[in-house]
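> with the input below, show me the fold.
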Amino acid sequence: MAPTTAGPALGADTRDSSRAAGTVNFWATLGGVLTVSFIYLLLRWVLSADFTAPDPGPDHYPYLWWLRTVEVASVLAVLGFGWFTVIRPWLQTRRIPFDGKLLIGLMIAYQVDPILNYYNPSFLMNAHSVNLGAWSNGIPGYSSPGQGRMAEGFLWAMPLYMYFGLLAAIIGGRVLTWLGRRLPRASNASLYTILFVLVTIGDFFVEFSALVYPQLYVFAGTPKSLTLFAGRIYQFPVYHCVFAAVFAVMITWLRQSRDADGVSAVERGLDRLAVHDRIKGLLSFLAITGWATVSALGYFLPFAWMSMQADSYPPLPSYLTTSAYCGQPHAPVCASQYLKQLNDADR
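Residues are numbered from 1 along each chain as shown. Just a heads-up that it's a prediction; the model follows:
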């Protein structure tokens, strides 16, 4: 697949890729560690008592039809992207192009998904989703208890990494090209800033309308001062859009950084390695996976930190509370609520 860069002015790295292989070595090593981590978490989860679907409880869920539609559409979308970016190129050339490697790398990055609730149960998924619990308890240092009961709706949740990663990068590249033509005197930083703002705004409309309002997931605990519709089941923290845009733009930048040979910024120096082409292909994939996961953490880590500022915990129906050990009626206060109480008492 030919690279679809928007030219040097839009983020392409034009430096000599024949330099030392330190860049690809670093990112491939990181990607290798993260791939091993993914396999470890998967096996640990499958062999644990957490590998079972939590009971959604007695409360009626009015948007089940939409949830099933999103699940089916997401599976078909992943199969379609997988065919065009991974399977068909492999059958034709025995090579996987950049977009195929990125797609698989983003699926591996999905392992960090439970980090949203690392400190507080601030992000809850619908237990009516096709799910088998979560691998949260295998993540080192995980602080929140009972998160193996988080209803990870993998039929639609994992594909979100494709939508807001690969698909966003494809669209983002075209937007950068269009902006570059309309604003020929604009700097590279200015174009990416405009893209960042557009992604932030677009993310709200997509996620709120398609995912949060129909309760595929909800934001269980948020800071009131930074939340739209605070106190309602569909409350929406505005910083979520900003962090989601960080992820999408980082992936876009990587895709746009490809040179004329289709080599991205994290693969620089690969041609300097005296190894078989298949090993180079593996190292390329691992490097891309490393960047994809770090990009995801650019969303998850600050979001987890913001959860400790949460003071808005609306009552939720049973199908959204399978991993809500706090912040709900007849449950203890969450860590952020307790800290707020201590701070208020100290004043």
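> for this structure, what spans make up the strands?
In order along the chain, the chain carries the following strands (DSSP state E): 123-125, 217-219, 227-228, 236-237.
> output the ones you listed in CSV; the columns should cover distance to residue 197 and mean pLDDT.
For glycine as for every other residue, the C-beta is placed from the backbone atoms N, C-alpha and C. Conversion of the strands of the chain to CSV gives the following (distance: least, Cβ to Cβ, whole Å; pLDDT from 0 to 100):
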stretch, distance to residue 197, mean pLDDT
strand 123-125, 24, 97
strand 217-219, 22, 98
strand 227-228, 17, 98
strand 236-237, 18, 98
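> which one of these lies closest to residue 71?
Nearest to residue 71, of all those, is strand 123-125, at 12.2 Å by Cβ to Cβ.
> who's in contact with the closest one?
When contacts are taken as Cβ atoms under 8 Å, 6 or more residues apart in numbering, the neighbours of strand 123-125 outside the stretch itself are 116-117, 131, 150-153, 157, 216-220, 303, 307, 316, 320-324.
> re the thing from before, so which of the strands of the chain comes closest to residue 77?
strand 217-219 (18.1 Å).
> how far does that closest one sit from the chain's center?
Between the centre of strand 217-219 and the centre of its host chain there is 15 Å, according to Cα atoms, centre = their mean, to the nearest Å.
> and residue 321, backbone torsions?
When quoted as degrees, to the nearest 10, the phi and psi of residue 321 stand at phi -120, psi 20.
> please work out how many residues are found near the closest residue to it other than its chain neighbours.
In space, and not counting its chain neighbours, residue 321 is closest to residue 328: 5.7 Å by Cβ to Cβ, 6 or more residues apart in numbering. Other residues near residue 328 number 18, with proximity taken as other Cβ atoms under 10 Å.
> what's the answer for the one 3 residues further on, then?
Other residues within reach of residue 331 by the criterion other Cβ under 10 Å amount to 13.
> verify the stated contact: it with residue 325.
Yes: contact between residue 331 and residue 325 holds when scored by Cβ atoms under 8 Å: they sit 6.6 Å apart.
> please name the nearest non-neighbouring residue to residue 335.
Closest residue in space to residue 335, ignoring its immediate chain neighbours: residue 120 at 5.6 Å, by Cβ to Cβ, 6+ apart.
> distance-wise, check the one you found relative to residue 126.
Applying Cβ to Cβ, to the nearest Å, one obtains 19 Å for the distance of residue 120 from residue 126.
> same question for residue 304.
21 Å.
> which of these two has more neighbours?
For residue 304 against residue 126, the residue with the higher neighbour count under other Cβ under 10 Å is residue 126, and the figures read 24 against 21.
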